[in-house]
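>>> Fold the following and give me the result.
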Amino acid sequence: MIRVLLIEDDQAQRSALEEYLSSLSEDLSVIAVASIGDARRMLESESFSLVISDLFLPDDTGLNLLKELRQTADTAFLLLTAQPTIETAVEAIKSGANDFLTKPVDLTLLRKKVESLLETVSLKEENRRLRARLADTFSTSSVIGNAPALKSVLERVNQVAPTDVTVLLEGESGTGKEKLANLLHENSKRKDRSFVKVNCGALTKSILESELFGVVKGAFTGADRDRTGLFEAAQGGTIFLDEIGEMDLESQVRLLRVIEEREVMRVGSTRAVPIDVRIIAATNRDLLDQVDSGEFREDLYYRLAVIRLELPPLRKRKEDIPLLFNFFVTEFNEKYMKSVTGLSPELLDFFQQYDWPGNIRQFRNVLEGMVVMATEDILELKDLPGNLSRTPGKKDMSDEIKPGISMEEYEKAIIEKNLAHFGGNREQTAKALGISERTLYRKIKEYAL
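As a prediction, this is how the structure comes out:
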């Protein structure tokens with residue numbers, strides 16, 4: 001029901017306008033009062049989509065009521081006046097009136113204005129609902145999972161998002177780093193500005209630099225016009241540098257300068273352009289290992305890793321698999337008009353034992369294929385694609401794993417055992433474990449070995 005508040009001190013006009021407005025639609029409910037005081041009491045206790053008020057009333061003016069209302073609400077307001085002047089019209093608009101109408105009221109014109117204002121109100125309400133849904137979509141509560149490793153990351157996201165601090169997202173492919181970058185942007189003060197995504201691993205050195213920093217005409221063969229770079233395109237917003245570990249050393253130098261100087265210089269230009277951009281980077285590599293090997297600049301690493309957020313792989317949050325299953329199956333049932341309602345205990349056991357090297361992305365793709373091909377409401381082991389019958393190329397060590405022991409405890413035990421085997425030699429231990437000495441040193445400090 002659309003509620004309209006009418007304020008008119010003349011009883012005959014008030015009754016006529018109330019009757020006419022009520023006749024416009026069955027969805028229209030009109031409350032008519034004779035004074036600003038009565039209107040204030042109504043507005044304190046009830047909400048209205050539209051207020052129609054005479055300019056001059058015995059106890060106050062419609063303009064004063066409008067100014068008060070605008071401090072707390074954006075309710076549509078139509079002002080009626082028997083003494084139309086340019087000054088009155090200007091003051092009404094400046095005070096926040098949506099429109100005004102001269103008296104005696106032309107009922108046809110009144111109908112058009114009321115319909116137009118109510119349509120605007122409807123659009124505003126729909127926009128509010130959309131913004132609310134969008135806020136839900138980009139809140140940390142929208143992330144599926146209750147595993148402690150995930151919850152810890154999301155708590156830090158809530159702390160970090162409102163700031164402008166540079167963030168490095170780490171984690172294996174398919175763990176949701178792009179989703180996390182979206183959360184950081186949408187929960188920041190920059191959410192109404194651009195969110196620019198760059199896949200650094202998908203571009204060659206020359207293309208990456210011109211894409212990131214822009215190019216001036218004639219800078220190189222094929223540069224036939226000036227072109228704005230993605231840093232400039234993200235002005236006031238956020239730039240997400242995915243797969244930052246793939247960036248070549250020369251581009252790293254230019255990126256470091258951008259971070260330090262807060263300005264970009266287009267390829268072929270001598271003029272710097274100031275920028276105000278938040279940087280979020282992501283990698284599925286161990287950047288400190290790359291620093292040790294000379295593939296990544298140490299100074300750039302510490303510029304990017306002001307805050308480090310590491311997303312856990314699916315194998316470290318297997319308790320979330322039933323939640324993820326329900327979420328994805330609901331999506332695919334709707335998409336493919338299927339009616340899958342659950343999975344067998346054997347299939348759930350397989351899902352929770354499998355290592356999921358492709359993480360959530362792989363799990364989602366596997367489920368999508370299974371739902372599409374499903375002939376029953378309950379998914380079974382037989383519905384698995386053939387390539388998931390076992391973990392390829394890996395020795396089955398599940399019999400040696402004791403339930404209830406965390407991944408951290410296993411990692412600590414493995415490092416201890418190898419250190420003992422190699423007589424405390426860190427170089428040999430790191431080589432045997434397939435990690436750098438620097439990473440091994442961090443682990444030794446982390447586990448107080």
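>>> what's downstream of the helix or strand containing residue 122, the next helix or strand?
Per DSSP states H and E: residue 122 is located in helix 107-137. Later in the chain than helix 107-137, the nearest helix or strand by DSSP H and E is helix 148-160.
>>> Now do that following helix: everything it contacts.
Helix 148-160 is contacted from outside by 140, 143, 145, 167, 180, 183-184, 187, 307, 309-312, 316-317, 320, using Cβ atoms under 8 Å, 6 or more residues apart in numbering. Heads up, the C-betas are built off the backbone N, CA and C, glycines and all.
>>> Now with 7 Å, please.
140, 143, 167, 180, 183-184, 307, 309, 311-312, 316-317, 320 (Cβ atoms under 7 Å, 6 or more residues apart in numbering).
>>> ranking those by neighbours, who comes first?
residue 184 (27 neighbours; other Cβ atoms under 10 Å).
>>> Which elements pack onto the helix or strand containing that residue?
Using DSSP H and E, residue 184 sits within helix 177-186. The contact analysis (3 or more Cβ pairs under 7 Å, 6 or more residues apart in numbering; DSSP states H and E) places helix 177-186 against helix 148-160, strand 167-170, strand 238-242, strand 278-283.
>>> Just the local confidence number for residue 225, please.
pLDDT recorded at residue 225 is 77.
>>> my guess is it contacts residue 215, does it?
No. Using Cβ atoms under 7 Å, residue 225 makes no contact with residue 215, being 8.7 Å away.
>>> Which one's more surrounded, the two?
Taking other Cβ under 10 Å, residue 225 and residue 215 do not tie; residue 215 has more neighbours (22 against 8).
>>> how about JSON lines for the contacts of helix 148-160, with distance to residue 260 and pLDDT added?
Formatted as JSON lines, those follow (distance: Cβ to Cβ, whole Å; pLDDT from 0 to 100):
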{"residue": "140", "distance to residue 260": "31", "pLDDT": "63"}
{"residue": "143", "distance to residue 260": "33", "pLDDT": "82"}
{"residue": "167", "distance to residue 260": "17", "pLDDT": "97"}
{"residue": "180", "distance to residue 260": "25", "pLDDT": "93"}
{"residue": "183", "distance to residue 260": "27", "pLDDT": "91"}
{"residue": "184", "distance to residue 260": "22", "pLDDT": "94"}
{"residue": "307", "distance to residue 260": "18", "pLDDT": "96"}
{"residue": "309", "distance to residue 260": "23", "pLDDT": "95"}
{"residue": "311", "distance to residue 260": "28", "pLDDT": "93"}
{"residue": "312", "distance to residue 260": "32", "pLDDT": "93"}
{"residue": "316", "distance to residue 260": "36", "pLDDT": "91"}
{"residue": "317", "distance to residue 260": "37", "pLDDT": "91"}
{"residue": "320", "distance to residue 260": "40", "pLDDT": "92"}
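>>> Is it possible to get a markdown table of the residues you listed that adds distance to residue 119?
Shown next, in a markdown table, are the contacts of helix 148-160 (distance: Cβ to Cβ, whole Å):
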| residue | distance to residue 119 |
| --- | --- |
| 140 | 36 |
| 143 | 37 |
| 167 | 42 |
| 180 | 39 |
| 183 | 34 |
| 184 | 37 |
| 307 | 46 |
| 309 | 44 |
| 311 | 45 |
| 312 | 49 |
| 316 | 52 |
| 317 | 48 |
| 320 | 45 |
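>>> Identify the farthest-apart pair in these.
307 and 320 (23.7 Å; Cβ to Cβ).
>>> what's the closest of the helices and strands packed on helix 177-186 to residue 441?
Of the helices and strands packed on helix 177-186, nearest to residue 441 by Cβ to Cβ is strand 167-170, at 17.9 Å.
>>> could I have that closest one exported to CSV, CA atoms only?
What follows is strand 167-170, C-alpha atoms only, in CSV (Å, rounded to 0.1, in the frame of the first residue of the first chain):
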residue,chain,number,x,y,z
VAL,A,167,47.0,-6.2,0.9
LEU,A,168,48.7,-9.4,-0.4
LEU,A,169,46.4,-12.4,-0.8
GLU,A,170,48.1,-15.7,-0.8
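>>> which residues touch that strand?
Residues contacting strand 167-170 (Cβ under 7 Å, 6+ apart): 160, 177, 180-181, 184, 280-283, 304-305, 307-311.
>>> Please identify which of these is nearest to residue 438.
residue 305 (13.9 Å).
>>> what pLDDT does that closest one get?
95.
>>> just residue 257 next, same as before
Confidence score, pLDDT, at residue 257: 92.
>>> List the contacts of the host helix or strand of it.
Following DSSP H and E, one finds residue 257 within helix 249-261. Contact with helix 249-261 is made by 205, 208-209, 213, 231, 247, 264, 279, 296-297, 299-300, 303, as judged by Cβ under 7 Å, 6+ apart.
>>> Could you pick out the buried ones from those residues?
Burial by neighbour count, 16 or more other Cβ atoms under 10 Å: within the contacts of helix 249-261 this picks out 208-209, 213, 231, 247, 264, 279, 296-297, 300, 303.
>>> Lowest-confidence member of those residues, which is it?
The lowest pLDDT within those belongs to residue 209, which sits at 81.
>>> So that residue sits against residue 268, correct?
No. Contact criterion Cβ under 7 Å: residue 209 and residue 268 do not qualify, at 10.4 Å.
>>> Distance of the nearest residue to residue 428 once chain neighbours are set aside relative to residue 433?
Nearest non-adjacent residue to residue 428, counting by Cβ to Cβ, 6 or more residues apart in numbering: residue 422, 4.2 Å away. Counting by Cβ to Cβ, to the nearest Å, the gap from residue 422 to residue 433 is 10 Å.
>>> confidence score at residue 405?
72.
>>> got a list of what it touches?
With Cβ under 7 Å, 6+ apart, residue 405 has no contacts at all.
>>> cool, and residue 113?
Contacts of residue 113 (Cβ under 7 Å, 6+ apart): 78, 99, 101.
>>> quick one: low-confidence parts of this protein?
Low-confidence segments of the chain, defined by pLDDT under 70: 84, 126-142, 219, 221-223, 389-404.
>>> Spell out which residues make up each domain of it.
Split into domains by automatic domain parsing, the chain comes to 2-134, 162-310, 314-388, 402-446.
>>> most tightly surrounded among those?
Each of the domains of the chain was scored by mean neighbour count; the highest is domain 162-310, a mean of 18, by mean count of other Cβ atoms under 10 Å.
>>> can you give me the end-to-end distance of that domain?
19 Å (Cα to Cα, to the nearest Å).
>>> same question, stretch 44-51
End-to-end distance for stretch 44-51, by Cα to Cα: 13 Å.
>>> Got phi/psi on the closest residue to residue 271 other than its chain neighbours?
Using Cβ to Cβ, 6+ apart and skipping the chain neighbours, the partner closest in space to residue 271 is residue 265 (7.1 Å). With angles defined as degrees, to the nearest 10, residue 265 sits at phi -130, psi 120.
>>> Any idea what residue 265 is bridged to?
Beta bridges link residue 265 to residue 272, judged by DSSP bridges.
>>> That one and residue 272 touch, don't they?
Yes. Contact criterion Cβ under 7 Å: residue 265 and residue 272 qualify, at 5.0 Å.
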